[in-house]
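1. For reference, the sequence and a predicted model appear below.
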Amino acid sequence: MGKTVLPGRPYPLGAKCRPEGTNFALYSEQATGVSLCFFDQAGKQTDCIALRERTAFVWHGLVKGIKPGQLYGYRVEGPWEPEKGLRFNASKLLVDPYAEGISGDVDWKGPVFPYDVGSGDDLKKDEQDSAAFMPKSVVVDHAFDWGDEQPMQRAVADSIIYEMHVRGFSKRNPAVPEKLRGTYAGLAHEASIAYLKKLGVTAVELLPVHHFVDQKYLVDRGLRNYWGYDTLGFFAPMSRYSSSGDQGQQVVEFKNMVKRLHEAEIEVILDVVYNHTCEGNEKGPMLSLKGVCNTTYYRTVQDQPRYYMDYTGTGNTLNVYHPQVLKLLMDSLRYWVSVMHVDGFRFDLAATLARELHDVNKLSAFFDTIHQDPVLANVKLIAEPWDVGEGGYQVGQFPVLWTEWNGRYRDTVRRFWKGDGGTLGDFAYRLTGSSDLYQSDGRRPYASINFVTAHDGFTLCDLMSYNDKHNEKNGDNNQDGENNNQSWNMGAEGPTDNPDINKLRERQTRNFLATLLLSQGVPMINGGDEFARSQCGNNNCYCQDNELTWFDWALDAPRERLMKFAGELIALRKAHPNLRRRKFFQDRQIRGSVVRDIAWYRADGQEATDENWTTEWNRSLAMMLNGKTLGVEDEDGRPVEDDSFLMLVNAADQGVEFTLPPPPNGNPWRMVMDTENVDDPFAQQDIGAKVIAGGRSMVLFSDGKKR
């Protein structure tokens, strides 16, 4: 029996449940017809009906009796004129761009390409039906008991971000029930949350959880898309990470994960990919947007619309300056905040989103729209400020409300601790919040998201264990991944039994973590670095969904010590506002006299001169932070004051004797941390007027009382 179709409404787009049925709405400017197809639980098509209402390019209809859990897809008719960028092919089932749930995977053995793959001619249309080989969209019920859960809106300056992978984090954790490992429920499990709480991080930044696909070339190699940077659906949580099912259950499980993390006062930030999709270029598959309206959703070459502009290195670039595409992305962002309750976003290759026509323009429509949006006004916005196009490296160039992954920080800190000469001045800028990048446009130190390692590249353990990348398992003859890693294996490529090398690696690991967590700005820890997680020298594990990337929770004594060190560092940072300032440094007037809020010293205890910053051989310095000069007030209007700190940094391979400068406020210095003491770096020690900072070490002093 055919289904009853009422006119319905053109907005909101997607599939929205109502008491009498479900309203479906799809935007396509160039389509000549749209059919809505329904499928049973086994994936067999049970009905296909035409949507006859068209309002402002939106094809819509309300289908009576359709309930949550229903599987569906679209077939879109229109001209097949690839030379003009028009690639309509009604034989190809399409995922709803606004699908809130997606069930199943792409089966690359089927005819999911719109052209004749055999000939390789993308101008020749393929008319085989793809439905049996395609994922299906899911009608979703959003009933959920959030209880008393409220957005935390923690200040960015107080954040400590932990970048992690939903699957990799718990997949091998024996404290998590086996059925839940590698899922949203696994991350929500009490063992996972207890660990994050003990470590002390304030937010998890999840690698992409928007529903994505495994590219054909990976499947052919027996690999999978692990990182998830090939989005199919901007509203649907990845069903692979659901322990409870993929026909709407994944949405409930994701919400429950967010709720549990919020109860533990941990925010959830999503790594989102709004610059491209999984459909590739003219030789790619037809899965969704390409078949809905190719010229609307993708940027094509102006004089040759058969081809795609590619600022991302993936084959296509979303056409963000088109109003409908901009609406798609904004609707997605609002959905994840208002419906799924996430706390912020990290935008992959964000420079692509700033491109109006070709040049990167930080006042593009995308950023203008976000800045005036009330739903997004209080969420965290983090840019990966580069893409692969000309002029795409834009660190320090994003709008005032944005924070940025600071690639300059990563590169400088790596080079400094490796022992490269001439890096001292740049290292000082990175320690103090990168004022050279962010101060002139009105931003604060917390605009800088500081990181030494991230998912893309070596882990921290591997940064000190390998001179070269070892990506052979990816199947690209070790040609993929970054070559310029600024890494140093310290005398042995990979694991070694040499105790001197291992001791140096332990010390260097602590130097990197201490630098990261004691720098002004916002620290981001690459998940697992706190206990020396290794990927065996693979610096591009995008396709390694296996034990190479899954966290190994069987920690030996050195890894346990490192994890304890990281937790104590985090606690130290959280306890002291002087280590996470909200304003850049400047001398301040206190009781009629000018008081220094930061000072730099040579090893002899005298203030550093210009020559000290430019001398090629100099690899040590001392930095003093005055705790009486924060320049901010608490909620009751009282000035915030804190301990003062003195940091000795020595990247030379030999120890350096420092004469300690006088404390700024009269209280004596006491040692807080010494990375040379890998067994007990926070041990309290008596100190005199002079202290030796060991080779490749960092020493921290405070003028506060012992707590």
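-> Ah, there it is.
2. Beyond the helix or strand hosting Leu328, next helix or strand please.
-> Using DSSP states H and E, Leu328 sits in helix 323-338. Going down the chain from helix 323-338, the next helix or strand is strand 344-347, by DSSP H and E.
3. looking at this, Phe366 is in a strand?
-> No: looking at Phe366 with DSSP: H, G, I helix; E, B strand; the rest coil, it is helix, so not inside a strand.
4. Pull the number of nearby residues for the residue nearest to it when sequence neighbours are not counted.
-> Counting by Cβ to Cβ, 6 or more residues apart in numbering, Phe366 lies nearest to Leu353, which is 4.8 Å off, once chain neighbours are set aside. For the C-beta atoms, the positions are set from N, CA and C on the backbone; glycine is no exception. Using other Cβ atoms under 10 Å, Leu353 is surrounded by 25 other residues.
5. What separation is there between Leu353 and Pro385?
-> Applying Cβ to Cβ, to the nearest Å, the value for Leu353 to Pro385 is 10 Å.
6. Likewise for Gly425?
-> Gly425 is 22 Å from Pro385, where distance means Cβ to Cβ.
7. who has more neighbours, these two?
-> Taking other Cβ under 10 Å, Gly425 and Pro385 do not tie; Pro385 has more neighbours (27 against 17).
8. Please tell me I have it right and the more buried one contacts Gln397.
-> Yes: under the criterion of Cβ atoms under 8 Å, Pro385 makes contact with Gln397 at 6.7 Å.
9. Which of the three states applies to the residue positioned nearest the centre of the chain?
-> The chain has Asp271 as the residue nearest its centroid, 3.9 Å off, counting by Cα atoms, centre = their mean. Under three-state DSSP, Asp271 falls in the strand class.
10. Leaving out the residues flanking it, which one is nearest to it?
-> Arg346 (4.7 Å).
11. quick one, what contacts that neighbour?
-> Counting by Cβ atoms under 8 Å, 6 or more residues apart in numbering, Arg346 touches Glu205, Ile269, Leu270, Asp271, Val272, Ile382, Ala383, Glu384, Trp405.
12. ok, 7 Å please
-> Counting by Cβ atoms under 7 Å, 6 or more residues apart in numbering, Arg346 makes contact with Glu205, Ile269, Asp271, Val272, Ile382, Glu384.
13. Also Tyr466?
-> Phe458, Ser487, Asn489, Glu493, Gly494, Gly537.
14. Show the buried residues in the residues you listed.
-> With burial judged by 16 or more other Cβ atoms under 10 Å, the buried subset of these is Phe458, Ser487, Asn489, Gly537.
15. Restricted to strands, list the residues you listed.
-> Per DSSP state E, strands hold no members of these.
16. residues near Gly421, how many?
-> Counted with other Cβ under 10 Å, Gly421 comes out at 13.
17. tell me the SS of it?
-> Three-state assignment for Gly421 (three-state DSSP): coil.
18. quick one on the thing from earlier: any idea which of the contacts of Tyr466 is closest to Gln654?
-> Gln654 has its nearest neighbour among the contacts of Tyr466 in Asn489, at 20.2 Å by Cβ to Cβ.
19. And that closest one, how close does it get to Asn467?
-> Asn489 is 5 Å from Asn467, by Cβ to Cβ.
20. ok so, going back, widest-spaced pair of the contacts of Arg346?
-> Every pair of the contacts of Arg346 checked by Cβ to Cβ; the farthest is Ile269 and Glu384, at 12.6 Å.
21. With adjacent residues omitted, what lies nearest to Asp480?
-> Asn540 (5.0 Å).
22. would you list every one of the strands in the stretch 151-300 of the chain?
-> 161-164, 203-206, 210-212, 231-237, 267-272, 300-301 (DSSP state E, counting those that start in this stretch).
23. what's the closest of those to Gly694?
-> The closest of these to Gly694 is strand 161-164. By Cβ to Cβ, the value is 29.3 Å.
24. ok, residues contacting the closest one?
-> Strand 161-164 has contacts (Cβ under 7 Å, 6+ apart) with 196, 201, 203-206, 269, 454-455, 522-527.
25. So which of those is the closest to Leu431?
-> Nearest to Leu431 out of those is Pro523 (Cβ to Cβ; 12.0 Å).
26. Please pull out the lowest mean pLDDT helix or strand from the chain.
-> Ranking every helix and strand in the chain by mean pLDDT, DSSP states H and E puts strand 588-590 at the bottom, with a mean of 48.
27. what residue ranges in the stretch 251-400 of the chain are flagged as low confidence?
-> For the stretch 251-400 of the chain, residues meeting the criterion pLDDT under 70 lie at 355-363, 386-392.
28. Spell out the residue ranges of the helices in the stretch 351-500 of the chain.
-> Taking DSSP state H, counting those that start in this stretch, the helices of the stretch 351-500 of the chain run over residues 365-371, 407-418, 424-431, 435-438, 460-463, 499-518.
29. C-terminal to the last one, which secondary structure element comes first?
-> Spelled out, that is helix 499-518. strand 522-526.
30. Report the angle between that next one and strand 267-272.
-> Comparing the axes of strand 522-526 and strand 267-272 via axes from the mean of the first three to the mean of the last three Cα atoms, to 10 degrees yields an angle of 70 degrees.
31. just to revisit the earlier point, out of the helices of the stretch 351-500 of the chain, which is the most enclosed?
-> Stretch with highest mean neighbour count among these: helix 460-463 (a mean of 24; mean count of other Cβ atoms under 10 Å).
32. Which other helices and strands does that helix contact?
-> Packing partners of helix 460-463 (3 or more Cβ pairs under 7 Å, 6 or more residues apart in numbering; DSSP states H and E): none among the helices and strands.
33. Average pLDDT for it, rounded please.
-> Mean pLDDT, helix 460-463: 98.
34. Please apply the same query to stretch 549-564.
-> For stretch 549-564, the mean pLDDT works out to 97.
35. just stretch 228-245 next, same as before
-> 98.
36. Any buried residues in it, and which?
-> 228-244.
37. all helices of the stretch 501-650 of the chain, in order?
-> 557-575, 610-614.
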